[in-house]
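**Student:** 3D model of this:
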Amino acid sequence: MEEKKKGKNWKRILIIFLVLILFVFVGILFYSHFLAVKKLHVKEYRIVNENLKVIHGYKIAHFSDIHFGKTTNSNDLKRMVIKINLMKPDLLIFTGDLIDKDTTLTEKAKEEIETILKALDKKIVKYCIKGEDDLKFTSYDFIMENAGFISLDDTYKTLYITKEDYLLLVGLKSTKNAESIGERLEEANHFISSLEEKPMYSIFVMHEPDFIEKIDTDFYDLVLAGHSHGGQVEIPFVGGIVYPKYAKKYHQDYMRIGKANFYITSGIGTTTYGFRLFNPPSFNLYRLVSY
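**Tutor:** Numbers count the residues shown, from 1 in each chain. Reported below is the predicted structural model:
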């Protein structure tokens, strides 16, 4: 009789334990899908370069991978715009994936995205490139242009600070063909080879970070990328779990590659699986200083 009681007690304890495990698992799933994806952070970095006396204190905001329609909605986009405006950056750079590839983009959604992005301070100079999901949507260019962004897709722009001092920005839109990168950047490389003096500061903007190996990082001062999502779900002391293709090798927040400072933002939204854990949505803010 006593043995039967002990057997029943063990079964009861095991059932309670399994139920608790199930509740914890469901709780983590709920938190990571509904709550963790809404906690927007700003990662701030100080970049020192003695050539920046003219623009000491210059601020660059860098955001990426919104994937609108997955776990990011209009309210999330509004919160991001408000936070960027509060940071008062001089320059704003978007490194791709505005709308998630699985989203059915309605006219209403287009208008909402455009209206929200238009609320970004008009004093901010804004540049963008396409991510792989943006290539699916013909309305992407229309939305970004109307929101005041200048495309850097496979091209370059000069941003003059004074009559003589300027920033050089070069952009590479998303590509799955690494061999085509040289051809895509032919225009920018031709301009660079014609320069008698290096610009005050040069910035390279890309979507997929693994293609950094195809870039002359000895020329650029700053390289910015997205796409990695920081692994979306991170395990403490281990890091991100799953990184997308072309973000397998390079996915840390910061690396020094050649002479360039290389930063990868973890992004705003989610892709493939709609979860974030120990890796909240974020955008980067860089403060350029001369000392």
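
**Student:** as a whole number, average confidence for stretch 51-66?
**Tutor:** Stretch 51-66 comes out with an average pLDDT of 96.

**Student:** Pull up the distance across that stretch, start to finish.
**Tutor:** 33 Å (C-alpha to C-alpha, to the nearest Å).

**Student:** where in the stretch 101-250 of the chain is pLDDT low?
**Tutor:** Within the stretch 101-250 of the chain, not a single segment meets pLDDT under 70.

**Student:** Look up phi and psi at Pro244.
**Tutor:** phi -70, psi 170 (degrees, to the nearest 10).

**Student:** count of neighbours near the residue nearest to Asp154 when sequence neighbours are not counted?
**Tutor:** What sits nearest to Asp154 in space, not counting adjacent residues and going by C-beta to C-beta, 6 or more residues apart in numbering, is Arg184, at 4.3 Å. Backbone N, C-alpha and C define where each C-beta goes, glycine included. Arg184: 18 surrounding residues under other C-beta atoms under 10 Å.

**Student:** measure Arg184 to Leu288 for me?
**Tutor:** 27 Å (C-beta to C-beta, to the nearest Å).

**Student:** circling back to that earlier point, ok, the residue nearest to Asp154 - contacts?
**Tutor:** Neighbour list for Arg184: 154, 172-173, 175 [criterion: C-beta atoms under 8 Å, 6 or more residues apart in numbering].

**Student:** residues contacting the nearest residue to Asp153 once chain neighbours are set aside?
**Tutor:** Closest residue to Asp153 apart from its sequence neighbours, by C-beta to C-beta, 6+ apart: Lys173 at 4.0 Å. Neighbour list for Lys173: 96, 129-131, 135, 153-154, 184, 207 [criterion: C-beta under 8 Å, 6+ apart].

**Student:** Make JSON lines out of the residues you listed and add distance to Tyr201 and secondary structure.
**Tutor:** Formatted as JSON lines, these follow (distance: C-beta to C-beta, whole Å; DSSP: H, G, I helix; E, B strand; the rest coil):
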{"residue": "Gly96", "distance to Tyr201": "22", "secondary structure": "coil"}
{"residue": "Ile129", "distance to Tyr201": "18", "secondary structure": "coil"}
{"residue": "Lys130", "distance to Tyr201": "24", "secondary structure": "coil"}
{"residue": "Gly131", "distance to Tyr201": "24", "secondary structure": "coil"}
{"residue": "Leu135", "distance to Tyr201": "29", "secondary structure": "helix"}
{"residue": "Asp153", "distance to Tyr201": "21", "secondary structure": "coil"}
{"residue": "Asp154", "distance to Tyr201": "21", "secondary structure": "coil"}
{"residue": "Arg184", "distance to Tyr201": "23", "secondary structure": "helix"}
{"residue": "His207", "distance to Tyr201": "21", "secondary structure": "coil"}
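
**Student:** Would you map out the domains in the chain?
**Tutor:** 1-38, 41-289 (automatic domain parsing).

**Student:** Out of the contacts of Arg184, give me the one that has the most neighbours.
**Tutor:** Most surrounded of the contacts of Arg184: other C-beta under 10 Å gives Leu172, at 25 neighbours.

**Student:** Who's the closest spatial neighbour of that one, skipping the chain neighbours?
**Tutor:** Nearest non-adjacent residue to Leu172 (C-beta to C-beta, 6+ apart): Met206, at 4.5 Å.

**Student:** what's the neighbour count on that neighbour?
**Tutor:** Met206, neighbours per other C-beta under 10 Å, totals 30.

**Student:** Phi, psi for it please.
**Tutor:** Main-chain dihedrals, Met206, degrees, to the nearest 10: phi -140, psi 170.

**Student:** No more questions from me, cheers.
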